[in-house]
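> Dropping a prediction and its sequence here:
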Number of protein chains: 2
Amino acid sequence: MSWLFDPPTATTGPDSRAMAYGDGVFTTAAVRSGAILFRERHIERLQHGCERLAIEPPGQGRIDQLLSRSLSHGTAAAMLKIMAFRAGSKRGYRPSEQDAAILAARCYPLDGVDEWPDLAPLRLGLAALRWAVQPALAGLKHLNRLEQVLAAAEIRSTDDVLCCDTSGQVVSASSANVFAVIDGELLTPPLDTAGVTGVTRAAVSAICRRDAIALRVEPLTHDDLVRCSEMFLTSSRFGIRPVGNHAGRALPIGPVTRDLHRRLLRETPLCAG
Amino acid sequence: MSWLFDPPTATTGPDSRAMAYGDGVFTTAAVRSGAILFRERHIERLQHGCERLAIEPPGQGRIDQLLSRSLSHGTAAAMLKIMAFRAGSKRGYRPSEQDAAILAARCYPLDGVDEWPDLAPLRLGLAALRWAVQPALAGLKHLNRLEQVLAAAEIRSTDDVLCCDTSGQVVSASSANVFAVIDGELLTPPLDTAGVTGVTRAAVSAICRRDAIALRVEPLTHDDLVRCSEMFLTSSRFGIRPVGNHAGRALPIGPVTRDLHRRLLRETPLCAG
């Protein structure tokens, strides 16, 4: 399980634009029985992220080839990280006109939190750090993640921390998206100021659309969240996990969370083991 | 002229926190006659940046040793880049409790713009992208530089672009700090919302203090700048360079710029050649 690159001779050290400036995107997908969960969504996100940064999106063929090499050693269950970053190793921020993407991929062994069917509730604190409002980068899983690092550094006695932006809107946990049921309505923040539009968040949204489950994407304050009757996090690592304690308040594993957890597992039968 | 690392066996590829998250800082210094200009300021900036990110700052001894190795091949004139980033290669944003810094350094040959005594005026455009307001990271030369990359991608027929933050305050050019003379007063923005507090900006500020030249550090809007009688940029690459054209308006090389340029060269006699 080591990194594979395309092209194999690409610049990947401190001269790479990924390491020098964070000039690229990544995605992390669960692998089960040798298959990548939500494979198409992950690839689309990678390509869309490149487009937003004006990096030439890697074609399906290049990605397929790299992923089949990454999974060729009989990897049954793993987390797969894929990076796509701007080629070039010249000094200076300015990108060149025609920027191909360098691809990198690696499988990691599962660790404790990468367990899907688990409904064990998570404890969620509140980060003091507010994330900056930057519509030009909001939603992207780009490589500039210092705000996530600083928020995650605040995790003490909880599993994760809820993060708001500087305008006071709830964004997400430091490494997972958030959904809440408030006054009987399922809600999730729009992520147009900060944060990452997660693949599992998109999968849950698609299930809601398909199955006619009402889901409103709209700005939420922390005061709104304090009134919720249930809350859950989504992530490619663990699918759906209920929040059992939010900023010191106990929350039940509610019916909406249980229902969506079951529906998501049906989309990903490989995880239901 | 290749990268040197301390420790030599440090993780530096896609598993490094520098490449995965941009979890570190850097500085770029001019080397002349084998000496690093404003050496102490660059080292202090690197150490201070680590402190702000709760990375254990590298000690003077480690830095001195790495820099003498970097310059041991008789490097006369170069640009020296030094990175300090958080050690560790575990997955996940959360840093561990005791985070040493990994150091990396490399000398690059000079290119056209790295010329100090040059008073040739620069042309400055205006970036459409607004930089996000993030006091927790403002001023630091950290490795999350996507906003600079996106701003620099807007450079068309000018040498650089002026960048404002989302609150409308002027921050800097994409890769240099900005000073302007408005109504006879020398001004520079505070950089407490975004941007990088450059070493040459600090050196110019110190000269002003020492020589009793009035310099006000205060927020500036682009409308303020449009009224300036002179403007100059500072950077470790070129020291002081006058702005000869700002958003289409011609500007003279004014007396304040000439005076500070002369005083800065006196601090850095190695460059005056």
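Yes, it's here.

> Excluding residues flanking it in the chain, which one is nearest residue A:170?
residue A:220 (4.5 Å; C-beta to C-beta, 6 or more residues apart in numbering or on different chains). C-beta coordinates here come from the backbone N, C-alpha and C atoms, glycine included.

> Give the burial count for the one you found, as a bare number.
Using other C-beta atoms under 10 Å in any protein chain shown, residue A:220 has 22 other residues around it.

> okay, now the closest residue in space to residue A:268 that isn't next to it in sequence: neighbour count?
Excluding its sequence neighbours, the residue lying closest to residue A:268 (C-beta to C-beta, 6+ apart) is residue A:37, at 5.3 Å. Burial of residue A:37 is recorded as 21 neighbouring residues (other C-beta under 10 Å).

> just the one 3 residues further on next, same as before
Here the neighbour count serves as a burial measure; for residue A:40 (other C-beta under 10 Å) it reads 10.

> Near chain B, which residues of the stretch 151-273 of chain A? Just list them.
Proximity of the stretch 151-273 of chain A to chain B is confined to A:151, A:152, A:153, A:155, A:166, A:174, A:175 under the rule C-beta under 8 Å from any C-beta of the partner chain.

> check contacts around the fourth one.
If you count contacts by C-beta atoms under 8 Å, 6 or more residues apart in numbering or on different chains, residue A:155 has them with A:125, A:161, A:174, B:94.

> Could you look up the SS state of it?
coil (DSSP: H, G, I helix; E, B strand; the rest coil).

> shaky segments in the stretch 51-200 of chain A?
When residues are selected by pLDDT under 70, those of the stretch 51-200 of chain A lie in A:97, A:112-117.

> For it, which segments count as helices?
All helices of the stretch 51-200 of chain A, identified by DSSP state H, counting those that start in this stretch, fall at A:60-70, A:146-152, A:199-210.

> packing partners for the last one?
With contacts defined as 3 or more C-beta pairs under 8 Å, 6 or more residues apart in numbering or on different chains; DSSP states H and E, the secondary structure elements packing on helix A:199-210 are helix A:39-52, strand A:177-182, strand A:185-188, strand A:215-217, strand A:230-235, strand A:239-246, helix A:255-267.

> ok, the third one: who's next to it in the sheet?
Strand pairing for strand A:185-188, determined by DSSP bridges: strand A:177-182 (antiparallel), strand A:215-217 (parallel).

> winner for burial among the helices and strands packed on helix A:199-210?
Highest mean neighbour count among these (mean count of other C-beta atoms under 10 Å in any protein chain shown): strand A:230-235, with a mean of 25.

> Touching that strand from outside, list them.
Residues contacting strand A:230-235 (C-beta under 8 Å, 6+ apart): A:122, A:124, A:160, A:173, A:175-181, A:198, A:200-201, A:203-204, A:225, A:240-243, A:246, A:251-257, A:260-261.

> hmm, back to that, kindly reformat the strands paired with strand A:185-188 as TSV containing distance to residue A:15.
TSV is the format used below for the strands paired with strand A:185-188 (distance: least, C-beta to C-beta, whole Å):
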stretch	distance to residue A:15
strand A:177-182	34
strand A:215-217	40
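
> between those, which gets nearest to residue A:43?
strand A:177-182 (19.2 Å; C-beta to C-beta).

> Can I get the closest one in CSV? Just the C-alpha atoms.
This file holds the C-alpha atoms of strand A:177-182, laid out as CSV (Å, rounded to 0.1, in the frame of the first residue of the first chain):
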residue,chain,number,x,y,z
ASN,A,177,-21.0,17.0,7.1
VAL,A,178,-23.9,17.6,9.4
PHE,A,179,-27.6,17.1,9.1
ALA,A,180,-30.2,18.0,11.8
VAL,A,181,-33.9,17.6,12.4
ILE,A,182,-35.4,20.9,13.6
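
> which residues make contact with that strand from outside it?
Identification of contacts with strand A:177-182 by C-beta under 8 Å, 6+ apart yields A:162, A:170, A:172, A:186-189, A:191, A:195-198, A:200-201, A:204, A:215, A:220, A:224-225, A:227-235, A:243, A:254, A:256-257, A:260.

> Next: stretch A:128-141.
By C-beta under 8 Å, 6+ apart, stretch A:128-141 touches A:25-27, A:45, A:49, A:52-53, A:144, A:147, A:150-151, A:154, A:163-168, A:171, A:191-197, B:129, B:131-134, B:136-137, B:146-147, B:150, B:166.

> now do stretch A:59-77
Contacts of stretch A:59-77 with the rest of the structure, by C-beta under 8 Å, 6+ apart, involve A:1, A:4, A:6, A:31-34, A:36, A:39, A:43, A:46, A:80, A:82, A:103, A:105-107, A:110.

> Only the buried subset of the residues you listed, as a ChimeraX command please.
Here is the ChimeraX command that selects the buried residues among those (16 or more other C-beta atoms under 10 Å in any protein chain shown):
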select /A:4,6,31,32,36,39,43,46,80,82,103,105,106,107,110
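
> what would the helices of the stretch 51-200 of chain A look like in a markdown table with mean neighbour count?
Formatted as a markdown table, those follow (neighbours: other C-beta atoms under 10 Å in any protein chain shown):
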| stretch | mean neighbour count |
| --- | --- |
| helix A:60-70 | 15 |
| helix A:146-152 | 25 |
| helix A:199-210 | 18 |
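
> which residues does the residue of the stretch 151-273 of chain A found nearest chain B contact?
Closest residue of the stretch 151-273 of chain A to chain B, C-beta to the nearest C-beta: residue A:152 (3.9 Å). The contact partners of residue A:152, taken as C-beta under 8 Å, 6+ apart, are A:160, A:161, A:174, A:175, B:92, B:93, B:94, B:95.

> could the residues you listed be laid out in CSV, adding distance to residue B:265 and neighbour count?
CSV is the format used below for the contacts of residue A:152 (distance: C-beta to C-beta, whole Å; neighbours: other C-beta atoms under 10 Å in any protein chain shown):
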residue, distance to residue B:265, neighbour count
A:160, 53, 27
A:161, 50, 23
A:174, 47, 27
A:175, 49, 23
B:92, 48, 17
B:93, 44, 21
B:94, 47, 18
B:95, 42, 21
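
> Now do the contacts for residue A:257.
Contacts of residue A:257 (C-beta under 8 Å, 6+ apart): A:181, A:230, A:231, A:232, A:240, A:242.

> And those, which two are furthest apart?
Longest span within the contacts of residue A:257, C-beta to C-beta: A:181 and A:240, 13.0 Å.

> Report the central residue of chain A.
residue A:198 (3.9 Å; C-alpha atoms, centre = their mean).

> Would you agree it is in contact with residue A:175?
No - counting by C-beta atoms under 8 Å, residue A:198 does not reach residue A:175; the two are 9.4 Å apart.
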